[in-house]
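In: got a predicted structure plus its sequence, pasted below:
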Amino acid sequence: MKGHLDTATGLVLTALTRPRDLLDLRPIQWDELLCRARNTRLLGRLGAELDALGLLDRLPRKAVDQIRAELTVTAENARMVRWEVNRISRALREVGVPIILLKGAAYVLAELPPATGRLSSDVDIMVPKETLAQVEAALIRDGYEAVKLDSYDQRYYRTWMHELPPLCHRERRTVVDVHHTILPESGRLRPDPRALTEAARPLTDGLRILSPPDLVLHSAAHLFQDGDLDGGLRDLVDLDLLLRHFGADPAFWEGLVPRAVELSLARPLYYALRYCQGLLGTPIPVVVQQAARVAEPIAPVRSAMDALTCRAVTPDGWEGPSLRTGWARFLLYVRSHWLRMPPWLLTRHLVRKAMARAFPPT
Amino acid sequence: MWRVPENWRLEWRQWGGLHVVYNPASGDTHLLNALPAYVLRSLETKASSIEELEALVSSSHDRPPDEALSSDIEALISELDELGLIAPAQS
Amino acid sequence: MNVRDLSPSELRDQLERGAFRLRIGPFVAQVRTGLASVVRSLGFFYGDYPLEPFEPFEPFEPFEPFEDDSGIADFHLRLAPPPGLRRYYRPQVLFFQDGRSQFQPYPQGLAPPLFEWGLNWCISKQAHQYLIVHSAVVERGGRALLLPAHPGSGKSTLTAGLVHRGFRLLSDEHALIRPEDGRIVPVPRPIALKNESIAVIQKLGPELVFGPTFHDTQKGDVAHLRVFEDSVKRSEETAAPGWVVFPKFIKGGSHRLEPVAKAAAMMELVDNSINYSVLGSVGYRALARLVDESMCLSLDYEDLSEALDELKHLPERAL
């Protein structure tokens, strides 16, 4: 698998897995690393790691400047997420709906390892499907507006995706995504949202987060089904951190594969474990690796995914994404939309998106 | 009952009777004149009901405890809540 | 070594290869472009600025210990035409930072000012080791005079006038305030003047050297003033807070320079700070300190000369 990686990606992976090696880095390598880490939204993570190890003072001053600037941004981002959750709770208090926090919001509020040095763009929450209309109404009353979408995209979101169109707050300009399940209803995999809700853990103030295996599985599903591979390495790092954190408890490992099978997420879990271990050296018990092979694809598919994934998680340098990286991302994007939408609908959607990009509305 | 939640550590500066307050929880900066600043300071130290605040302001600011004061305090509380400077106190 | 020490062909070659690294105030900008207009513009405006050495990325060279942090750039910039038709037909230019295109394409004729606008954007987006106020800053006697930018302020015109009258330019766009000690850090760049101001400032004297005027920009006509060599040479000399003046150009109004309530000044500065919200309490404390340690004033003016005279005498007034 490592044969698919180029030197620059190797540099970023080294930084993440063996931060102490960075003390030997030459300035021009720092230059490369800072740029790529920033492009893949991992500079804050890297900085937090180096800070925790007490190594920041031993780095070149310009590297420290840029890292500290990024840590300032990520700290503010965490504050923004916490405050937004506070405001959402306040807006939905009257509605009395059980709210489950997802992804970045869950990590930040639960103070899990992926929260450190993280940049979240939106706040994701999950509510029961039957309450969607009430929730939307309450948020709109509180000053949120649907992000301007044309009627095609509106229909796409409501019918085929698993969320309301994103809601943006008029003053704060923050965005909340309201989900009722974790994968699109129209996709081939349909994990039962009630199973997720039943296993959810309480956090504070009536807010809840998914159980440890479900957090991992959601992250894996998001990375390998949703297909947002542009942030790919960052999401893989999130997975690695979650696995290491929860992996301290043997019961977590015992329950992981059975739960994946129960939620029809065994294939994304297989990929998650494969690439976390292969690229980031995540320690995974052998018995779990073997159990995950129940969802192993045939060799040609496996090889193709290896190549595509490695290419797609390559962070962009200041030359921009290479042509191969761009193609890999495109292929994965197509694959994820294929998994999400029936083929006849897919062609229409992609053609329409391509047209919109080439001829933007004036 | 209202108060400034304990983990919102407000920062204060004042110049010539005008207060500039920063709330690290919301990231917002506010300009307050004397009365709102007084009420906010009070709610930082302890939770109070609207009636308690009316009594407090009435005695400290030498204002009669009438309808006008009552509606002023209610409006002020509502505004401070909207601005994310105070929250309902857990009873 | 400064930019002017390169021959025109060396300059063009370095820019084409992306081996060109310019030090501007506290920042190092690596620039790559093949566009002749940008090459010329950089040579014209940045002649006095120092160049940083550049070594290419060779992953297998043996390690040598380094003494300083030369070799790390803050920004990796590239100006290039988009692929395809717009390379030739009604040609356009894109601005890339770290390999990513940042804005919509501009007409290729606007490539030189696009470099300036793009660099403003990069500083605003990334330099969070400073509190960045959207403001001009000039210095006299070691103290900084800030002119926050709000519409109708005419800050660039005033800045050009003050520079002509002997103030040192720290920046036309960004007041970089160091949170640790409250000092203002220079990042001198060409002053951008618009429309009528161009002619007004040109009349002040031949010492003020202009680059070409660009028409049909979003803001009308734009031209840039080259920075005096002295300001570039003294790029590492920070300034202590002195004055914050909120100017307003009022046609037919009366001339007035008055103190402003510090609390109000602070709120104005919050509105004018580019990264205040990112910095959180660090930003709050840095602005409060700036306001504490500066004289805060508002200036209504109609006549540029009168305004400049008034401002010129500020350093003589007790702080």
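Out: Ah, there it is. What you see is a predicted model; the values in this text were computed from it and never measured.
In: mind listing what's buried in the longest helix seen in chain B?
Out: As assigned by DSSP state H, the longest helix anywhere in chain B is helix B:67-82. For helix B:67-82, the neighbour count (16 or more other C-beta atoms under 10 Å in any protein chain shown) marks B:69, B:73, B:76, B:77, B:80 as buried. In short, each C-beta sits where N, CA and C put it, glycine included.
In: next one: the helix or strand hosting residue C:247 to chain centre, how far?
Out: Assigned by DSSP states H and E, residue C:247 belongs to strand C:240-249. Taking C-alpha atoms, centre = their mean, to the nearest Å, the mean C-alpha location of strand C:240-249 is offset from the chain mean by 17 Å.
In: can you give the strand pairings for it, parallel or anti for each?
Out: Note on strand C:240-249: by DSSP bridges, its sheet partners are strand C:143-148 (parallel), strand C:295-301 (parallel).
In: which of those strands has the lowest mean pLDDT?
Out: Out of these, strand C:295-301 stands lowest, with a mean of 93 (criterion: mean pLDDT).
In: quick one on the thing from earlier: now, of the strands paired with strand C:240-249, which is deepest in the fold?
Out: Highest mean neighbour count among the strands paired with strand C:240-249 (mean count of other C-beta atoms under 10 Å in any protein chain shown): strand C:143-148, with a mean of 25.
In: test my guess that residue C:219 contacts residue C:198.
Out: No - here residue C:219 lies out of contact with residue C:198, judged by C-beta atoms under 8 Å, at a distance of 11.7 Å.
In: give me the more crowded residue out of these two.
Out: residue C:198 (21 against 10; other C-beta atoms under 10 Å in any protein chain shown).
In: where's that one, which helix or strand?
Out: Going by DSSP H and E, residue C:198 is in helix C:195-202.
In: paired strands for the next helix or strand after that helix, with orientation please.
Out: Per DSSP H and E, the first helix or strand lying C-terminal to helix C:195-202 is strand C:214-217. Sheet partners assigned to strand C:214-217 using DSSP bridges are listed as strand C:220-225 (antiparallel).
In: I'd like the distance from the strand it pairs with to the chain centre, please.
Out: So, by C-alpha atoms, centre = their mean, the centroid of strand C:220-225 is 14 Å from its chain's centroid.
In: thinking again about what came up before, closest one of the buried residues of helix B:67-82 to chain A?
Out: Using C-beta to the nearest C-beta, residue B:80 comes nearest to chain A of these, at 13.5 Å.
In: residue contacts, that closest one?
Out: Neighbour list for residue B:80: B:2, B:36, B:39, B:40, B:43, B:86 [criterion: C-beta atoms under 8 Å, 6 or more residues apart in numbering or on different chains].
In: try 7 Å this time
Out: B:40, B:86 (C-beta atoms under 7 Å, 6 or more residues apart in numbering or on different chains).
In: ditto for residue C:124
Out: C:132, C:274.
In: that one: what secondary structure?
Out: Under DSSP: H, G, I helix; E, B strand; the rest coil, residue C:124 falls in the helix class.
In: what's the helix or strand for residue A:34?
Out: Secondary structure (DSSP H and E) places residue A:34 in helix A:27-39.
In: packing partners of that helix?
Out: helix A:7-17, helix A:43-52, helix A:61-92 (3 or more C-beta pairs under 7 Å, 6 or more residues apart in numbering or on different chains; DSSP states H and E).
In: next, the angle helix A:43-52 makes with that helix.
Out: Counting by axes from the mean of the first three to the mean of the last three C-alpha atoms, to 10 degrees, helix A:27-39 points 120 degrees away from the direction of helix A:43-52.
In: how about helix A:27-39: buried residues?
Out: For helix A:27-39, by 16+ other C-beta under 10 Å, it's A:27-39.
In: nearest to chain B among those?
Out: Closest approach between the buried residues of helix A:27-39 and chain B, by C-beta to the nearest C-beta: residue A:38, at 22.6 Å.
In: hmm, that closest one is touching residue C:99, no?
Out: No - in this structure, residue A:38 is not within contact of residue C:99 by C-beta atoms under 7 Å, at 10.5 Å.
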